[in-house]
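Visitor: Prediction below, plus the sequence it came from.
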Amino acid sequence: MPDRDPLVFSTHPLHPAAEARLKGVARLEIASALDFEALAREAEDADIVIVRANLPPALFDRAKRLRAAVRHGAGLDMIPVEAATKSGVIVANVPGVNARSVAEHVLFVAMALLRRFRMVDRDLRTQGWLAGRSHATATNELSGRTIGIVGMGHIGHAVAEIAAKGFALDVIANSRNPRSVPDTIPYRDVDDLAGEADIIVLCCPLTPETRGMIDARRIARMKPGAIIINVARGPVIDDDALVAALRDGRIGGAALDVFAEQPLPADHPYFSFDNVIVTPHMAGITKESMARMGLGAVEETLRVLAGDLPVNFCNPEVESSYRQRFPLGRP
């Protein structure tokens, strides 16, 4: 019998439905702060860590009982996977559960940019009816435009489906795995996609290949009225190059949900453009997606605590050393 109830340490509060699934099985503790020292200290006795913030590598050295780090979502950039693997700790995630939320956000901001919503709303409120209405003849429809999607995982597929079936957009795509692009969607390399698309959507993972992928050269290939939407990771875009293009009026606008530095500094140039929509890394966060992510993370947690391997096992090479630490699979 274990000497105590398992401890699940979460960097953030969980959805009530997810928290309820843990009752009677494990204790839940929430981080008091998100700095590296606090996280490493407070997770020392954890059996499972549920992750919505960057974890310090030192956490895996100090948490001797730790069995798994479970991402509350899909992207693994918050987890130092190499450090986890070295310490014999499983890494798991819950991919795809927020794909619909992100995809709806993409189409929402695309329409807001094409219909000049920020300018209309501002001028209507400050200058009156006619000032707001004056923007109308310069706005555009989605229908008939070409959307280019970079990254065809769960989010890319959801964007493509809504764009084509819901708004009659022509879809082209790029992916590091060309086989992930359906036969019905034309494949393009990134250079050609940048030049052909009216709306460029970035929903790819951050890798050495994608870091700085949207640079000055590729931005120069974009159509004068094209817009770019980033729901991937901030460093996929060269910020200096994008700011320069916006200042020179060389592209139609941008909608940015992720940034190289988060929170985005209040004096960042992005805030100064009428044709830029800035959101605080919230594209994938809705009531519905938070329930799905929380429940998904807890289900993986319960599997590991029961002695099983997670469904979404992200570092399978750790299994041998994990089994040495937990030879019976249970605490």
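Guide: On my side now, so go ahead.
Visitor: Which residue ranges of the stretch 101-250 of the chain form helices?
Guide: Along the stretch 101-250 of the chain, counting by DSSP state H, counting those that start in this stretch, helices occupy 117-127, 129-133, 154-161, 167, 190-196, 216-221, 239-247.
Visitor: Could you list the low-pLDDT ranges of this protein?
Guide: Within the chain, the stretches with pLDDT under 70 are 1-3, 328-331.
Visitor: Break it down into its domains, please.
Guide: Here the domain parsing of the chain from automatic domain parsing is 7-95+287-325, 99-278.
Visitor: could those be laid out in TSV, adding mean neighbour count?
Guide: No exception for glycine: its C-beta is placed from N, CA and C like everyone else's. Output for the domains of the chain, formatted as TSV (neighbours: other CB atoms under 10 Å):
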stretch	mean neighbour count
domain 7-95+287-325	19
domain 99-278	18
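Visitor: between the helices of the stretch 101-250 of the chain, which one is nearest to N98?
Guide: helix 154-161 (8.0 Å; CB to CB).
Visitor: can you list contacts of the closest one?
Guide: For helix 154-161, contacts defined as CB atoms under 8 Å, 6 or more residues apart in numbering pick out 74, 95-96, 98-100, 102-103, 106-107, 147, 149-150, 152, 171, 173, 175, 180, 182, 185, 201, 203-204, 231.
Visitor: which residue ranges form the strands in this structure?
Guide: Counting by DSSP state E, the chain has strands at residues 7-10, 27-30, 48-51, 68-71, 90-92, 146-150, 170-174, 199-202, 227-230, 253-256, 276-278.
Visitor: Reformat these into a markdown table and put distance to L295 next to each item.
Guide: Below are the strands of the chain laid out as a markdown table (distance: least, CB to CB, whole Å):
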| stretch | distance to L295 |
| --- | --- |
| strand 7-10 | 13 |
| strand 27-30 | 14 |
| strand 48-51 | 12 |
| strand 68-71 | 12 |
| strand 90-92 | 14 |
| strand 146-150 | 28 |
| strand 170-174 | 30 |
| strand 199-202 | 27 |
| strand 227-230 | 28 |
| strand 253-256 | 29 |
| strand 276-278 | 30 |
